[in-house]
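Chemist: sharing a model prediction with you, sequence too.
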Amino acid sequence: MPNFLRLIVAVFALWAGSMAAQADVGEFPIKADDGTVIANHAVAADLVASIEKLQNIVVAANPQGKVTLYEFYDLNCPYCRKASADIDELVRANANLRLVLVPFPVLGIPSILAARVEYAVNKLATPQDAYKFHRAVYESRGTIEDSRAFAAAQKIGLDVVEVRAKASEEAFARIMKEHLRIGDALGIQATPGLVIGGVAIVGYPGKTALAKVIGAVEKCGKVVC
């Protein structure tokens, strides 16, 4: 079986297992913008540190920021699109917020095809331009697959031929399997999955709620002071 197909099989096996896992009821009293408790749980420090070792992440904003937010996302997740826009505003407003993008394509074949292009962009572009690509992709509506991702890559000035060549690398499957493994170990059962202050937040709590969490981590090192 080709590596690309093996990745697809691995994605659906992982997602099926995660969805069947016990519901995360919220270890910490983090409330979403609608007042409900958002799913969350503590994660080990060594597991958080392993995110930094992944080969296809992007330190998208404020590399020297004191508070790190890891964003696990799928390019076809509508909640991720909303979260991306809100987080962009938060990082622009807070120089202490360091944003790390972690591709997590779990919503089907189009997501994996788009993630291949994103992998190439992350290899070829600066972190700043890779973040521009990320935001450009989310400006689209409808299903995001490789053709739309290539268009976004072209929009930030990359050569499509070069991007196609890099996107075809066999290393992509191996690297993304490692993303899936780490995300599974962190208990990321839905996208977006956010990791901050030693806690995984499963799902998007909303801009106001996330800003409160960021503020708490900045103030006392915990998601709730």
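Modeler: Right, received. Where do you want to start?

Chemist: so what's A165 up against?
Modeler: Counting by Cβ atoms under 8 Å, 6 or more residues apart in numbering, A165 makes contact with A120. The C-beta positions use only the backbone N, C-alpha and C, and glycine is treated the same way.

Chemist: against K123, how distant is it?
Modeler: From A165 across to K123, the span is 11 Å (Cβ to Cβ, to the nearest Å).

Chemist: where do the helices of the protein begin and end?
Modeler: Taking DSSP state H as the criterion, the chain carries its helices at 3-20, 45-51, 78-93, 109-124, 127-137, 146-155, 160-167, 171-185, 207-220.

Chemist: out of those helices, which is the most enclosed?
Modeler: helix 109-124 (a mean of 23; mean count of other Cβ atoms under 10 Å).

Chemist: any residues touching that one, and which ones?
Modeler: Here helix 109-124 has contacts from 4, 7-8, 11, 56-58, 74-76, 103, 105, 129-130, 133-134, 137, 143-146, 148-150, 152-153, 156, 158, 162-169, 172, 175-176, using Cβ under 8 Å, 6+ apart.

Chemist: so which of the helices of the chain gets nearest I196?
Modeler: Smallest distance to I196 across those (Cβ to Cβ): 5.8 Å, for helix 207-220.

Chemist: give me the helices and strands touching that closest one, please.
Modeler: For helix 207-220, the packing partners by 3 or more Cβ pairs under 8 Å, 6 or more residues apart in numbering; DSSP states H and E come out as strand 67-73, helix 78-93, strand 193-196.

Chemist: spit out the contact partners of L158.
Modeler: L158 makes contact with 121, 124-125, 129 under the criterion Cβ under 8 Å, 6+ apart.

Chemist: with pLDDT and distance to I30 added, can I get the residues you listed in CSV?
Modeler: Putting these into CSV (pLDDT from 0 to 100; distance: Cβ to Cβ, whole Å) gives the following:
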residue, pLDDT, distance to I30
V121, 97, 32
L124, 97, 37
A125, 97, 34
D129, 97, 33
